[in-house]
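Q: Model the structure of this input:
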Amino acid sequence: MSPRRAGWRTPAAAGVLLCALLLSGCASPQLTALDQRWPQALPPAALLEHVPFFAQDDHLCGPASLAMVAQAAGIRVTPGELTEQVYVPGRQGALQLEMLAATRRQGLVAYPLAPRLQDLLQEVAGGQPVLILQNLSLPISPLWHYAVVIGYDRARNEVVLHSGVTERMVMALSTFEHTWARSGYWAMRAVAPERLPVTAEADGWATAVAALERVNPRAAQTAYATALARWPDHRASLLGAGNAAYAQRQLTRAGQAYAAATRAHPDFADAWNNLAQVRLEQGQRRAARAAIDRAVALGGPRLAQYQELQQKIRAP
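A: Have a look, this model is predicted:
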């Protein structure tokens, strides 16, 4: 999905009426399918009472919405502090990439949700708000807007949002799906590293944590440990745990993580290569040689890098 910018403004009354009329005549495919087979584990209603609210002035729905979910995750940051990180004056809004990057700067995992209404509702039912992107106007004249989902009610066909200048705005679930669908169902959780999202998947979590690792290795280290408590043998998380420790010069912990990755996945060439690097820096040249020889034998797209390290280890 191409990046979108989002900014809050109040459409003309006629525009709101036209949009509502157009939306009311359309089908809501995900909601319809969900209603037909509502998961037994998904409560019929949920409302989060603890999510702070910041009114969103002008085009600042991005920093305001991000501050709400960040504070709900335990980070005391204000919309004003986030504005310069996400707001692009020339675009009069914030792109998704800036929103994800600013989340990581707070030491949080920016976890994009799968584009499914059920996943969004499961996160809210699990006690955490979800930041979403909507188009509140027509596709030919979009009005992109960030909001925070804090509740829903199946029987009433309602979703509850912190949106614009309205705290606990109630919107029909069917209307919400249409406005949300126009962003490709874009949604994200701002997650404390020690807590997995309800709908987290191992690969998706590892990808999100790897992006955090480049900004905050310590927070990423915690997030990888959280993943490994759920998925002990996950390849990417084992490697990531080693990389986060290595970035902090924790060679013993890095070596332990890489060794665990090679035990769980003997065909994991990258893990053998990284283990060889750590053993070399620890002065364990024989162990380093054995590890890099395994990486070279396995080969793969980074074979040239393995061979370069192999020559370094073999050099007198």
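
Q: from here on, contacts and neighbour counts on C-alpha atoms
A: OK.

Q: Which element, helix or strand, includes residue 147?
A: Here residue 147, judged by DSSP states H and E, is contained in strand 144-153.

Q: Which elements pack onto the helix or strand just after that strand?
A: Next helix or strand after strand 144-153 toward the C-terminus (DSSP H and E): strand 158-163. Under the contact definition 3 or more CA pairs under 8 Å, 6 or more residues apart in numbering; DSSP states H and E, strand 158-163 sits against strand 144-153, strand 166-172, helix 173-181.

Q: tell me the most buried of those?
A: Mean neighbour count (mean count of other CA atoms under 10 Å) peaks for strand 144-153 among these, with a mean of 26.

Q: Remind me what that one packs against, helices and strands.
A: Taking 3+ CA pairs under 8 Å, 6+ apart as the contact cut, strand 144-153 packs with strand 5-6, strand 45-47, helix 61-72, helix 117-125, strand 130-135, strand 158-163.

Q: State the mean pLDDT of the first one.
A: Along strand 5-6, the predicted local confidence has a mean pLDDT of 56.

Q: just the second one next, same as before
A: Average pLDDT, strand 45-47: 98.

Q: Over to the last one?
A: Strand 158-163 shows a mean pLDDT of 97.

Q: what's the distance between that strand and the middle of its chain?
A: 21 Å (CA atoms, centre = their mean, to the nearest Å).

Q: can you offset everything so residue one is 696?
A: Right, with 696 as the first residue, what we last looked at is strand 853-858.

Q: Listing partners with orientation, what would you give for it?
A: Sheet pairing of strand 853-858 (DSSP bridges) gives strand 839-848 (antiparallel), strand 861-867 (antiparallel).

Q: could you dump the ones you listed to TSV with mean pLDDT and distance to residue 951?
A: Below are the strands paired with strand 853-858 laid out as TSV (pLDDT from 0 to 100; distance: least, CA to CA, whole Å):
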stretch	mean pLDDT	distance to residue 951
strand 839-848	96	40
strand 861-867	96	48
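
Q: Helix, strand, or coil at the most centrally placed residue in the chain?
A: In the chain, the C-alpha nearest the mean C-alpha coordinate belongs to residue 806, at 1.2 Å (CA atoms, centre = their mean). Under the three-state scheme (DSSP: H, G, I helix; E, B strand; the rest coil), residue 806 adopts strand.

Q: ok, it - contacts?
A: 883, 884, 885, 886, 899, 900, 903 (CA atoms under 8 Å, 6 or more residues apart in numbering).

Q: Work out for me the element the fifth one sits within.
A: Think residue 899. With DSSP H and E as the test, residue 899 turns up in helix 897-908.

Q: for the record, mean pLDDT for whichever helix or strand comes after that helix?
A: Toward the C-terminal end, the helix or strand that comes next after helix 897-908 (DSSP H and E) is helix 912-925. Summarised as a single mean, pLDDT over helix 912-925 is 98.

Q: which strands and helices sit next to the very next helix or strand once past helix 912-925?
A: Remark: after helix 912-925, the chain's next helix or strand is helix 930-942, criterion DSSP H and E. On a contact count with 3+ CA pairs under 8 Å, 6+ apart, helix 930-942 meets helix 897-908, helix 912-925, helix 946-959.

Q: How far does helix 930-942 sit from its chain's centre?
A: In this view, helix 930-942 has its centroid 18 Å away from the chain centroid, taken as CA atoms, centre = their mean.

Q: between the helices and strands packed on strand 839-848, which gets nearest to residue 926?
A: Residue 926 lies closest, by CA to CA, to one member of the helices and strands packed on strand 839-848: helix 812-820, at 19.7 Å.

Q: now the angle from the closest one to helix 868-876?
A: 110 degrees (axes from the mean of the first three to the mean of the last three CA atoms, to 10 degrees).
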